[in-house]
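# Build me a structure from this.
(3 chains)
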Amino acid sequence: MLYQSYDMKDPHQAAVPADNVNNGLYGQDILSVKQFNRQLLTYIMGVADEMRALVKRFGKANLLDGKILANLFYEPSTRTSSSFQAAMLRLGGRVIAINEVRYSSVTKGESLPDTVRTLESYCDVIVIRHPEVGSAAIAAKAARKPVINAGDGPGEHPTQALLDLYTIADELKRLDGLKVAMLGDLKYGRTVHSLTRLLSLYDTEFYFVSPEILRMPEEILQELRQSGHTYHEFEDVHDVISKVDVLYVTRVQRERFDDPDEYERVKDYYVIDPEVMSKAKQDMILMHPLPRVYEIDMRVDDDPRAAYFRQMENGMYIRMALLAAVLGKA
Amino acid sequence: MLYQSYDMKDPHQAAVPADNVNNGLYGQDILSVKQFNRQLLTYIMGVADEMRALVKRFGKANLLDGKILANLFYEPSTRTSSSFQAAMLRLGGRVIAINEVRYSSVTKGESLPDTVRTLESYCDVIVIRHPEVGSAAIAAKAARKPVINAGDGPGEHPTQALLDLYTIADELKRLDGLKVAMLGDLKYGRTVHSLTRLLSLYDTEFYFVSPEILRMPEEILQELRQSGHTYHEFEDVHDVISKVDVLYVTRVQRERFDDPDEYERVKDYYVIDPEVMSKAKQDMILMHPLPRVYEIDMRVDDDPRAAYFRQMENGMYIRMALLAAVLGKA
Amino acid sequence: MLYQSYDMKDPHQAAVPADNVNNGLYGQDILSVKQFNRQLLTYIMGVADEMRALVKRFGKANLLDGKILANLFYEPSTRTSSSFQAAMLRLGGRVIAINEVRYSSVTKGESLPDTVRTLESYCDVIVIRHPEVGSAAIAAKAARKPVINAGDGPGEHPTQALLDLYTIADELKRLDGLKVAMLGDLKYGRTVHSLTRLLSLYDTEFYFVSPEILRMPEEILQELRQSGHTYHEFEDVHDVISKVDVLYVTRVQRERFDDPDEYERVKDYYVIDPEVMSKAKQDMILMHPLPRVYEIDMRVDDDPRAAYFRQMENGMYIRMALLAAVLGKA
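Okay, here's the model as predicted:
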């Protein structure tokens, strides 16, 4: 079922924002994908390429020898925390991992700005994950040293979007002229919102596939219309699988549905198994931010188009690039 | 309201203990402020100055390359734990952070001496924080390698007192001839007790400001009389603010009061805001061990006299100095 | 009380498996003691000797500079976790310690293979401790990089058995011709099962001392008979203490007994105090995997035959040897 389609006459008119030349991330915070333009993205992805080459060849670089990262996680996230830690360690830096914030100063009533000002007296850069929207910005305002947002609840998770974009570029060797499908919970999915915003800097045709109740928010669709992008909204992945260059999967949670029958009716539209993949293009890629549960069948893992574990690895290179950049060593 | 004043005729008679020349901290434990005399303090603060210079210039020193710190925290303390970790990492050493002791061998019934003897078979130095008085001494007795007390409940927290003293010296460029006020919970405050003992090695005039029920313990006042120090006890910070060179703030907790009316009556005597600071000397400093809640108004943070975040940073330099000293690399 | 004795006519017939020459641990997983033959054990213990020499002389080696260990602990174990961390750090490598798995991706429903495949995209080697038998093998199957089993519930804990064997070799300077007693809970004791299997590669005479209800499983006794080893089963340590070269102690837990009277009757048979040690050979050694509670009296700690803290330290050297070997740097 096609919910809606917004078609540009000439997709090449897709409005790409004028580049505001500023590759100088040195000393900057990384809070939102809105900070990035095409030039800056090209630059960061180029640095990530170099990081990959260094890691493959030497295991590490020594760019951040003597630097300390405070990895401040107010909610657990093994994956993101480990990725930032590995990025810092592979740059020759050191890490103070603060994972038990629930038991720490914070529970003694301390404000986030005080925690951040204390940590920056020991460290050179702060990565923060926090369940509340805007917390990373509050931390960044308090700190004189760079702060990187590793997810502020339903807010942003910019390094995830950057690694997603980098994976598309790395796998398909271009970012313009692609048909990209996003699947699953598009209403609450922070990940797909941010990636859509980054992809809207390129000539992308979007396919949004979700249950009716979990469609992409109107705010984002409006942004796409304003920037002159073509998009289509579908209910069932089978309607788009043969057309797209990228299929980005997220989970549809049963809890989102008031009506269990409705969940039962649609749930198979959002599960990728070998049968679905058999209809996909040979040179497309299948992505997922992980962790996945049932929404991608494990039998798909060995399909060369399954890019999600390579996507994880790319997260480390992008985070290496960002850490090096904000500390002036990229 | 002045509770009491003990005045020396000639403050210059303030009895300073004869220095017991022993700068050799190599292989020693750091358990109590009572281990320190003026000469040793001068030495450690000098090393801390050097550590600061190294960090500012190079980010780190390589003095402890190949050394491992076991950071053994039986209760959470993000601030102290991070400070010790940063100190070790900036010295080129490595850290094993053991924060989840509640789930560890200890909960299997293991004794503290066994835990310490196990850890020292892997590590070169142990930092321990434990909720029970005397635990650090028990650990030190079991270990052949140096043990540093990072707080043993209501007992001691010597590195806090050392960083406090170092901050006064660093900010005011002297330790003799100062008027130092301590504010808040002086009865239960481990921090103010230890700092008072260190300052009593110098020609200090003390101003103790607290609710009646939270006055400085008689044991400490007696020590001050014996060492010939002048002190004054007040109820309200407004009575002392214009006179002092140092105002050291700690929190007055509502829970300490049986009578809520009494808490309401006095609570504003222990809150430092811009109005209070307007009456203070221009070259005084405002200190706090952090975390703070309401007892220092955040609008004071930008006052150049607000030294509490610099105090945090000094904690790292003092801990670098101590780690280097006990490992024979200072 | 002697339960049973199985005597070989000629102990020198003890069947030692033919060595399958394969010292190439490079890229291999370490999952079970069954992977090891005498030649491989000799090799690993030789590397451990070199690691000890390096640590004693330099504090560390730089063999694993640029390598990252993911230390993935699904259940807490300060001792084993710290030992692996120290081993990696002393080899010049770095560690990402993942201790809070209960709050992590896993609790979001992620499968162990996905967690492992994610971690290996950041790291070079994975150490895993998990409460379920077979979990380490599942992890190893998913991973392309080496996985080391640090205990999979009632399954195996091969590095413990290797450090136990290494301690016997290091202390007594031989592995053939020894009388080895194992004491305590021999039914459920993963440690004694694995060590028995390793010792059965040598000409060992076994003394198993346990309550009737906690005797060594028939499966292991059968293996010993098949490999031609002599063993004796006793109820009381007093019956064996004067004969043995090694006494390996584990705890007898009260909870194992349905009948509290039976526990009271036998419990003193499994407590080693100075009086028991007074009957032991002068050149024997007393071992324990730790943590210990009451089963070895602390007054025994200063007895030179008490080898359990040296045993801990040996754990670090054995783990250094294994990490270096699987990463191709031994």
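# Residue of the stretch 1-150 of chain A nearest chain C, please.
For the stretch 1-150 of chain A and chain C, the shortest gap (CB to the nearest CB) falls at residue A:59, measuring 3.0 Å. Every residue, glycine included, has its C-beta placed from N, CA and C.
# Excluding chain neighbours, what is closest to that residue?
Nearest non-adjacent residue to residue A:59, counting by CB to CB, 6 or more residues apart in numbering or on different chains: residue C:66, 3.0 Å away.
# so where is chain A shaky, pLDDT-wise?
For chain A, applying pLDDT under 70 flags the ranges A:8-23, A:100-109.
# tell me the domain boundaries of it?
A:2-9+A:159-312, A:33-156+A:313-326 (automatic domain parsing).
# most packed of the ones you listed?
Stretch with highest mean neighbour count among the domains of chain A: domain A:33-156+A:313-326 (a mean of 22; mean count of other CB atoms under 10 Å in any protein chain shown).
# Now find how far off-centre that domain is within its chain.
Centroid displacement of domain A:33-156+A:313-326 relative to its chain, using CA atoms, centre = their mean, to the nearest Å, is 14 Å.
# what are the ranges of the helices in chain A?
A:38-58, A:78-90, A:112-120, A:135-142, A:158-172, A:190-199, A:218-226, A:260-266, A:274-277, A:308-326 (DSSP state H).
# what angle sits between the fourth one and helix A:158-172?
Between helix A:135-142 and helix A:158-172, the angle formed by their directions is 110 degrees, by axes from the mean of the first three to the mean of the last three CA atoms, to 10 degrees.
# Stretch A:279-293 near chain C at all?
Yes. Shown here: stretch A:279-293 in contact with chain C (CB under 8 Å from any CB of the partner chain) through A:290-293.
# In the stretch 151-300 of chain A, what residue comes closest to chain C?
Closest residue of the stretch 151-300 of chain A to chain C, CB to the nearest CB: residue A:291 (3.7 Å).
# Can you tell me which of the helices of chain A is nearest to residue B:233?
Closest approach to residue B:233 among the helices of chain A is made by helix A:112-120 (29.7 Å; CB to CB).
# Show residues contacting the closest one.
Residues outside helix A:112-120 that contact it (CB atoms under 8 Å, 6 or more residues apart in numbering or on different chains) are A:70, A:72, A:96, A:98, A:105-106, A:126, A:128, A:130, A:135, A:138-139, A:141-145, A:147, B:78-79, B:82, B:290-292, B:298, B:309, B:312.
# same thing but 7 Å
If you take CB atoms under 7 Å, 6 or more residues apart in numbering or on different chains as the criterion, helix A:112-120 is touched by A:70, A:72, A:105-106, A:126, A:135, A:138-139, A:142-145, B:79, B:82, B:290-292, B:309, B:312.
# Only C-alpha atoms, please: export it in PDB.
Only the C-alpha atoms of helix A:112-120 are listed here, as PDB (Å, rounded to 0.1, in the frame of the first residue of the first chain):
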ATOM      1  CA  LEU A 112      25.000  18.100  35.100                       C
ATOM      2  CA  PRO A 113      27.000  21.300  34.500                       C
ATOM      3  CA  ASP A 114      29.000  20.700  37.800                       C
ATOM      4  CA  THR A 115      29.700  17.100  36.800                       C
ATOM      5  CA  VAL A 116      30.900  18.200  33.400                       C
ATOM      6  CA  ARG A 117      33.100  21.000  34.800                       C
ATOM      7  CA  THR A 118      34.700  18.600  37.200                       C
ATOM      8  CA  LEU A 119      35.400  16.000  34.500                       C
ATOM      9  CA  GLU A 120      36.900  18.500  32.200                       C
END
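# Span of stretch A:236-256 from start to end?
Terminal residues of stretch A:236-256 are spaced 17 Å apart (CA to CA, to the nearest Å).
# Which residues outside it are in contact with it?
Stretch A:236-256 is contacted from outside by A:1, A:168, A:172, A:178-185, A:189, A:191-192, A:195, A:207, A:209, A:211, A:213-214, A:234, A:263, A:267, A:269-270, A:272, A:276, A:279-281, A:284-289, A:293, A:295-296, using CB under 7 Å, 6+ apart.
# which bits of the stretch 201-330 of chain A sit near chain C?
Contact residues (CB under 7 Å from any CB of the partner chain) of the stretch 201-330 of chain A with chain C: A:290-293, A:309, A:312-313, A:316.
# Report the two of those residues separated the most.
Farthest pair in those (CB to CB) is A:293 and A:316. Separation: 23.4 Å.
# quick one: is stretch A:310-329 near chain B?
No. On the criterion CB under 7 Å from any CB, stretch A:310-329 is out of touch with chain B, staying 10.1 Å away.
# Next: stretch A:146-154.
No. Stretch A:146-154 is not in contact with chain B by CB under 7 Å from any CB; minimum separation 14.7 Å.
# So the residue nearest to residue A:59 sits against residue A:58, correct?
Yes. Counting by CB atoms under 7 Å, residue C:66 touches residue A:58, with 6.0 Å between them.
# Hmm, residue A:317 is touching residue A:50, no?
No. Contact between residue A:317 and residue A:50 fails when scored by CB under 7 Å: they sit 8.7 Å apart.
# Disregarding flanking residues, what is the spatial nearest neighbour of residue A:86?
Per CB to CB, 6+ apart, closest to residue A:86 is residue C:122, 3.6 Å.
# Contacts only, for that neighbour.
A:82-83, A:86, A:316, C:68, C:70.
# out of those, which one sits closest to chain B?
residue C:68 (13.2 Å).
# residue contacts, the closest one?
Applying CB under 7 Å, 6+ apart to residue C:68 gives the contacts A:86, A:89, C:93-94, C:96, C:122-124.
# Ok, residue A:274 next?
Contact analysis of residue A:274 by CB under 7 Å, 6+ apart lists A:297, A:299-300.
# One more pass at 8 Å, please.
Applying CB under 8 Å, 6+ apart to residue A:274 gives the contacts A:297, A:299-300, A:303.
# In TSV: those, plus distance to residue A:240.
As requested, the contacts of residue A:274 are exported to TSV (distance: CB to CB, whole Å):
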residue	distance to residue A:240
A:297	18
A:299	21
A:300	17
A:303	18
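# Chain B: which of the residues you listed is nearest?
For the contacts of residue A:274, the minimum distance to chain B (CB to the nearest CB) is 35.7 Å, reached by residue A:297.
# Name the nearest residue to the closest one, ignoring sequence neighbours.
residue A:273 (3.9 Å).
# Ok, residue A:197 next?
Closest to residue A:197 by CB to CB, 6+ apart is residue A:33, at 5.2 Å.
# right, and the one you found touches residue A:158 too?
Yes. Using CB atoms under 8 Å, residue A:33 makes contact with residue A:158 at a distance of 4.9 Å.
# Would you mind listing the residues touching both of the two?
Counting by CB under 8 Å, 6+ apart, the contacts common to residue A:33 and residue A:158 are residue A:194.
# count of neighbours near the residue in the stretch 201-330 of chain A positioned nearest to chain B?
At 10.1 Å from chain B, residue A:327 is the closest residue in the stretch 201-330 of chain A, using CB to the nearest CB. Counted with other CB atoms under 10 Å in any protein chain shown, the neighbours of residue A:327 add up to 22.
# That one is in contact with residue A:126, isn't it?
No. Using CB under 8 Å, residue A:327 is not in contact with residue A:126, being 11.7 Å away.
# separation between the nearest residue to residue A:291 once chain neighbours are set aside and residue B:129?
Nearest non-adjacent residue to residue A:291, counting by CB to CB, 6+ apart: residue C:110, 3.7 Å away. Residue C:110 sits 33 Å away from residue B:129, going by CB to CB, to the nearest Å.
# show me what contacts the residue in chain A that chain B sits nearest to?
Closest to chain B within chain A is residue A:66: 3.0 Å, counting by CB to the nearest CB. The contact partners of residue A:66, by CB under 8 Å, 6+ apart, come to A:93, B:58-60, B:90.
# Recalculate using a threshold of 10 Å.
A:92-94, A:124, B:54-55, B:58-62, B:89-90, B:92 (CB atoms under 10 Å, 6 or more residues apart in numbering or on different chains).
# All good on my end, thank you.
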